[in-house]
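Peer 1: I need the structure of the sequence given here:
(one chain, ligands or ions: 1)
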Amino acid sequence: MDKNNDVSYVAGLIRGTEKAMFTSFKEANNSKPEPIEEKLKEQIPIIGQTLLNIFKPRKVLLYSGGMDSWLLSELENPDVKLYVDMNTKYSKEEISRLPQDVKVIKLDLGDWERDDKIIPLRNMFLIGLASYYGEEIYLGATAGDRVLDKSFTFGNKMTDLLTYLYGEQHWTSKRDINVNLESKKLTKTQLLQKYLKNGGDITKAFYSTFSCYNPIDGKECWACKPCFRKFVAFYLNFFDFPDEICITVAKYIEKEIIPQIQSGTYDRTLDEQEDILTVYNNIKAKGLV
Ligand SMILES: [Zn+2]
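Peer 2: Numbers count the residues shown, from 1 in each chain. Got it, this is the predicted structure:
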């Protein structure tokens, strides 16, 4: 199409539009006015509510099935629960236990999983993915978590970075992202306590959560880091454990954790250290170990 044709084509369009507008204006003048204001008045509360829902930040929870993310899902009622399948050694076990309403997406980071199960930058990737689903992003973290990609500084930096990247530009209107790490102000024990104070059920919490590095026949081993931390939180909230589990955990604490606490290298919060020692001394006082 050359330039002249282009101009006449556009002019034709304008003339057509003018004609259509003129016709509908005449028709509108000839017909009875519609009580449009009345109709709008009726619709405004509904429109207002719809707009509020559209612009309300959507809550996305990064869900692993472990106790932190499960408790947060109960306390915060997120719009989206997102599980990222990173193809780690324990992801199959986790996926098999996910509730129906959890959305599963894949990001294969398995090649970068270290022997200690740490994947460097893990939460940076996960939060980036979560921003596709909403603006208020919850990361299950509690006071004892030591990795820097669960720290308040990291949360603030990701909030800044994502809000910058979702600034108004040719492909998007502005989105304000917030990485929510409020749960990090509490220990696991305190987070469970908060859930229980809100009317939660400890048995439901116990059986709905699973996070174990070395499951035995699909059951928790009680001798790995996530198992022992779950035990401490539930034990201190008066969950009734069979003696065998208490013994397994106490032996794990004695061998793996107490030497670190004694040498000052166990750098979780003092609250959590105190919780661990209370549990250990309590089991010992019962004569189980
Ligand atoms: Zn375990």
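Peer 1: what about the closest residue to residue 122 other than its chain neighbours, neighbour count?
Peer 2: Counting by CB to CB, 6 or more residues apart in numbering, residue 149 is the residue found nearest to residue 122 once chain neighbours are left out, at 6.2 Å. Any C-beta I mention is one placed from the backbone N, CA and C, and that applies to glycine too. The local packing of residue 149 (other CB atoms under 10 Å) involves 20 other residues.
Peer 1: pLDDT score assigned to residue 149?
Peer 2: Residue 149 is assigned a predicted lDDT (pLDDT) of 95.
Peer 1: swap in residue 272?
Peer 2: Taking residue 272 on its own, its pLDDT is 88.
Peer 1: next one: residue 32
Peer 2: pLDDT, read off for residue 32, is 56.
Peer 1: coming back round to it: look up how far residue 127 lies from the residue nearest to residue 122.
Peer 2: In this view, residue 149 and residue 127 are 9 Å apart by CB to CB, to the nearest Å.
Peer 1: With the ion in mind, check whether the helix or strand where residue 233 lies reaches it.
Peer 2: In the assignment (DSSP states H and E), residue 233 maps to helix 225-236. Yes: using CB under 5 Å from the ion, we find that helix 225-236 touches the ion at residue 227.
Peer 1: Tell me if the residue nearest to residue 122 really is in a strand.
Peer 2: No: applying DSSP: H, G, I helix; E, B strand; the rest coil, one finds residue 149 to be helix, outside a strand.
Peer 1: Quick check: the gap between it and the ion.
Peer 2: Per CB to the ion, to the nearest Å, residue 149 is found 22 Å from the ion.
Peer 1: do the same with residue 185
Peer 2: Distance from residue 185 to the ion, by CB to the ion: 26 Å.
Peer 1: got it, and residue 157?
Peer 2: Using CB to the ion, residue 157 is found at 32 Å from the ion.
Peer 1: One more: residue 96?
Peer 2: 16 Å.
Peer 1: looking at it, the residue nearest to residue 122 is touching residue 123, isn't it?
Peer 2: Yes: using CB atoms under 8 Å, residue 149 is in contact with residue 123, at 4.0 Å.
Peer 1: Give me every residue in this protein lying close to the ion.
Peer 2: 212, 221, 224, 227.
Peer 1: Could you rerun that using 8 Å?
Peer 2: 211-215, 220-228 (CB under 8 Å from the ion).
Peer 1: Show the buried residues in those residues.
Peer 2: Using 16 or more other CB atoms under 10 Å as the burial test, those include 211-213, 215, 220, 222-224, 226-228 as buried.
Peer 1: just checking, what packs against the helix holding residue 233?
Peer 2: Contacts defined by 3 or more CB pairs under 8 Å, 6 or more residues apart in numbering; DSSP states H and E place helix 225-236 against helix 188-197, helix 202-208, helix 243-252, helix 270-285.
Peer 1: now the angle from the longest one to helix 243-252?
Peer 2: The one in question is helix 270-285. Going by axes from the mean of the first three to the mean of the last three CA atoms, to 10 degrees, helix 270-285 is angled at 120 degrees with respect to helix 243-252.
Peer 1: packing partners for helix 270-285?
Peer 2: Under the contact criterion of 3+ CB pairs under 8 Å, 6+ apart, helix 270-285 touches helix 188-197, helix 225-236, helix 243-252, helix 258-263.
Peer 1: could those be laid out in a markdown table, adding distance to residue 62 and mean pLDDT?
Peer 2: Output for the helices and strands packed on helix 270-285, formatted as a markdown table (distance: least, CB to CB, whole Å; pLDDT from 0 to 100):
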| stretch | distance to residue 62 | mean pLDDT |
| --- | --- | --- |
| helix 188-197 | 15 | 97 |
| helix 225-236 | 16 | 96 |
| helix 243-252 | 27 | 97 |
| helix 258-263 | 28 | 92 |
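Peer 1: Mind putting these into a markdown table with distance to residue 137?
Peer 2: Shown next, in a markdown table, are the helices and strands packed on helix 270-285 (distance: least, CB to CB, whole Å):
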| stretch | distance to residue 137 |
| --- | --- |
| helix 188-197 | 18 |
| helix 225-236 | 22 |
| helix 243-252 | 33 |
| helix 258-263 | 32 |
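Peer 1: Of these, which stretch is the most buried?
Peer 2: Mean neighbour count, computed with mean count of other CB atoms under 10 Å, is highest for helix 225-236 among the helices and strands packed on helix 270-285, reaching a mean of 22.
Peer 1: Just the CA coordinates for that one, please, in CSV.
Peer 2: What follows is helix 225-236, C-alpha atoms only, in CSV (Å, rounded to 0.1, in the frame of the first residue of the first chain):
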residue,chain,number,x,y,z
LYS,A,225,17.5,-31.1,59.8
PRO,A,226,13.9,-30.4,58.8
CYS,A,227,12.6,-33.4,60.7
PHE,A,228,14.2,-32.4,64.0
ARG,A,229,13.1,-28.7,63.6
LYS,A,230,9.5,-29.8,63.1
PHE,A,231,9.8,-32.1,66.1
VAL,A,232,11.0,-29.2,68.4
ALA,A,233,8.1,-27.0,67.3
PHE,A,234,5.4,-29.6,67.8
TYR,A,235,7.0,-31.0,71.0
LEU,A,236,7.0,-27.5,72.6
